[in-house]
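*Asks:* Predicted model and sequence follow; I will ask about them next.
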Amino acid sequence: YEQCVHIGYEMGVSFRAGNAECRRWSDISPDQNLVSFACDFVGVSNFLNPHLLVEATTHQSCLHKPVPSYQRLEWVGDAVLCLAAREWLFRREENLSVSKLVVLETTLVCNESLAYLGYVKGLHR
């Protein structure tokens, strides 16, 4: 457990340890390594709101009201990903039935496909 907490702390992830409270949202500043990696991965020079990176890497087990969890962003991200996949398929595959479009969309946004793309892009490093 201690090693997990240490690794999480290095990554900028907040944990509840025993009776100690997690850090408050306003006390957490984005780690520069996380910001640099995210910028390189996404292909941008900076983030308008780097605190969203902290939110994206905060697990729900740390939650108390001032610290948002990644789940809120995950929910929005899932919707955006599905919308992008649907638009791409709609424009690319004009003659396919809805049932075939659904199968293709499901394949595009499934965990295995996204894990492969993440690996190819170097997310595992």
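*Replies:* On my side now, so go ahead. Residues are numbered from 1 along each chain as shown.
*Asks:* quick one, longest helix in this structure?
*Replies:* helix 70-92 (DSSP state H).
*Asks:* that's a strand at residue 36, yeah?
*Replies:* No - using DSSP: H, G, I helix; E, B strand; the rest coil, the assignment for residue 36 is helix, not a strand.
*Asks:* what's next to stretch 112-125, contact-wise?
*Replies:* 41, 107 (CB atoms under 8 Å, 6 or more residues apart in numbering). C-betas here are computed from N, CA, C, even on glycine.
*Asks:* hmm, back to that, using CSV, write out the CA atom coordinates for the longest helix of the chain.
*Replies:* Output of helix 70-92 as CSV, limited to C-alpha atoms (Å, rounded to 0.1, in the frame of the first residue of the first chain):
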residue,chain,number,x,y,z
TYR,A,70,-11.8,11.5,-13.5
GLN,A,71,-15.2,9.9,-13.9
ARG,A,72,-16.9,13.2,-14.8
LEU,A,73,-14.4,13.7,-17.6
GLU,A,74,-14.6,10.0,-18.6
TRP,A,75,-18.4,10.4,-19.1
VAL,A,76,-18.0,13.4,-21.3
GLY,A,77,-15.1,11.8,-23.2
ASP,A,78,-17.1,8.7,-23.9
ALA,A,79,-19.8,10.8,-25.4
VAL,A,80,-17.4,12.8,-27.5
LEU,A,81,-15.6,9.7,-28.7
CYS,A,82,-18.9,8.1,-29.7
LEU,A,83,-20.0,11.2,-31.5
ALA,A,84,-16.7,11.5,-33.4
ALA,A,85,-16.9,7.8,-34.4
ARG,A,86,-20.5,8.1,-35.5
GLU,A,87,-19.8,11.3,-37.6
TRP,A,88,-16.8,9.7,-39.2
LEU,A,89,-18.7,6.5,-40.1
PHE,A,90,-21.7,8.5,-41.3
ARG,A,91,-19.6,10.4,-43.7
ARG,A,92,-17.4,7.5,-44.8
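*Asks:* now for it, which elements pack on it?
*Replies:* helix 51-56, helix 98-109 (3 or more CB pairs under 8 Å, 6 or more residues apart in numbering; DSSP states H and E).
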